[in-house]
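A.B. asks: sequence-free structure coming up:
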Ligand code: AMP
């Protein structure tokens, strides 16, 4: 059992938040909550929310704070979050962090640690534009650094691999700009609260994972 179990993974797109969530969830009973995955599911289901979110996501911009904060508030109340959870890609603004502080305290599931994934910018662009995602299990691969054994097929479940529409060079660059402007103030915000733990997320996956487990048990 980890010492810190209600977690936020904070870092720019392509930093490996989803990639390191996978082994952590295999080892620990944690729920994985990715606001990006929830929004993509809404798009796939053709809901009104999905339709309005798609236009925003394809530009690399942020969906309104209250919408994502409400989605997360409802999600962390669910039973599978009782032993801990990973918030991946949320909060992305200080306003979202404030809304989360309220909703998580209300259900007795306040945040124990915010892990900051540090990666140099050049590596992020390379990772994002070469990223492939499994349609079925959401595992991520990379055409350069982490190729699947069979082209286009997920090693874990045999699902089809695809490139996210917002992983084009132009949108990836815009998402990084949005991170700098709107999300990076959270580094200061959580440092002041004394719960920010940085890791070097440019390392290979096994070393990055060791660093992650190290901070969660410190
Ligand atoms: P991700 O899968 O985390 O890279 O998110 C993909 C896209 O979904 C982002 O570029 C945003 O358009 C939207 N999104 C995901 N999470 C949030 C959030 N916490 N706040 C606002 N928009 C979000």
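C.D. replies: In hand now; what should we look at? Note that the structure is a prediction, hence the values are computed from the model and not measured. Numbers count the residues shown, from 1 in each chain.

A.B. asks: look up which residues are beta-bridged to the residue nearest to residue 111 when sequence neighbours are not counted.
C.D. replies: Excluding the flanking residues, the one nearest residue 111 by Cβ to Cβ, 6 or more residues apart in numbering is residue 6, at 5.3 Å. Placement of C-beta: from N, CA and C, glycine included. Per DSSP bridges, residues listed as beta-bridge partners of residue 6: residue 85.

A.B. asks: ok, residue 6 touching residue 107?
C.D. replies: No: using Cβ atoms under 8 Å, residue 6 makes no contact with residue 107, being 10.5 Å away.

A.B. asks: with adjacent residues omitted, what lies nearest to residue 3?
C.D. replies: Using Cβ to Cβ, 6+ apart, the closest residue to residue 3 is residue 217 (5.2 Å).

A.B. asks: can you pull the contacts of that neighbour?
C.D. replies: 2, 3, 4 (Cβ atoms under 8 Å, 6 or more residues apart in numbering).

A.B. asks: next, give phi and psi for residue 88.
C.D. replies: Here is the backbone geometry of residue 88 (degrees, to the nearest 10): phi -110, psi 110.

A.B. asks: so how far is residue 187 from it?
C.D. replies: 17 Å (Cβ to Cβ, to the nearest Å).

A.B. asks: residues contacting whichever residue of the chain sits closest to the ligand?
C.D. replies: When distances are taken as Cβ to the nearest ligand atom, the chain reaches nearest to the ligand at residue 36, 2.0 Å away. Counting by Cβ under 8 Å, 6+ apart, residue 36 touches 57, 88, 89.

A.B. asks: in which helix or strand does the first one reside?
C.D. replies: With elements delineated by DSSP states H and E, residue 57 resides in helix 48-58, which encompasses its position.

A.B. asks: same question for residue 100.
C.D. replies: helix 94-106.

A.B. asks: which residue would you name as the spatial centre of the chain?
C.D. replies: Geometric centre of the chain, nearest residue: residue 88, 2.7 Å, by Cα atoms, centre = their mean.

A.B. asks: just give the nearest non-adjacent residue to that residue, would you?
C.D. replies: residue 34 (4.3 Å).

A.B. asks: helix, strand, or coil at the residue nearest to residue 103 when sequence neighbours are not counted?
C.D. replies: Nearest non-adjacent residue to residue 103, counting by Cβ to Cβ, 6+ apart: residue 73, 3.7 Å away. Classification of residue 73 using DSSP: H, G, I helix; E, B strand; the rest coil returns helix.
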